[in-house]
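Colleague: Build the 3D model from these lines:
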Amino acid sequence: MNGILSLISKLDVVIGILIKPIVIILSASVAVMMAYGVITRAILDQPVFGLEEIVLMCAMWLYMFGAVLASRERSHLTADFIQVVCKNTSVIKFFHLLATMISLAMAVMFSIWAYDLLDWALRKGQSTTVFHLPWYISQSSLFVASVLFIFYLIRDFFEDLNSFLSRKTA
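Modeller: As a prediction, the model looks like this:
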């Protein structure tokens, strides 16, 4: 199990190196484009047609990569009420493992749905109205993120399983 976690840790470093600069660039881009759109529309009375298409594409990727980073750091929202009602560490560790398994099953279902959506988008060939950007650019963010969610949930599963099993030997 430690070999798997070691491999996952090495891949995690590469994923972090790739995603963090992309998130920074996308955040800055969305902020600049939104400010530019507001200034040109409100102050100059000259709307920029199609700007919202580009903002939407960037925002989809930004949101999905932000969710991946939250999953990577295990900083996403959780409802750990078991820790409030129970002080038994074995029970708490079991429920952490159970929650991770449920999340993993849901992520696999989400990934299948995202793949079907991406496949449909590629077959349909739909594009935006102003710049004719293919819709699969934004829709592919759902599939990429879901695969990365699965990756991190597999990591979490092995960590939770290791934690649960180690309490039995301790």
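
Colleague: neighbours around V30, how many?
Modeller: 19 (other Cβ atoms under 10 Å). For the C-beta atoms, the positions are set from N, CA and C on the backbone; glycine is no exception.

Colleague: now swap in V144 and tell me
Modeller: 16.

Colleague: residues in contact with it?
Modeller: By Cβ atoms under 8 Å, 6 or more residues apart in numbering, V144 lies in contact with M64.

Colleague: what about it, distance to I22?
Modeller: 11 Å (Cβ to Cβ, to the nearest Å).

Colleague: residue ranges with poor pLDDT in this structure?
Modeller: 167-170 (pLDDT under 70).

Colleague: Buried residues of the helix or strand A35 falls within, list them for me.
Modeller: Assigned by DSSP states H and E, A35 belongs to helix 2-38. Using 16 or more other Cβ atoms under 10 Å as the test for burial, helix 2-38 gives 8, 15, 19, 23, 26, 29-30, 33, 37.

Colleague: Which one of those is nearest to R155?
Modeller: Within these, the smallest distance to R155 is 4.6 Å, found for I8 (Cβ to Cβ).
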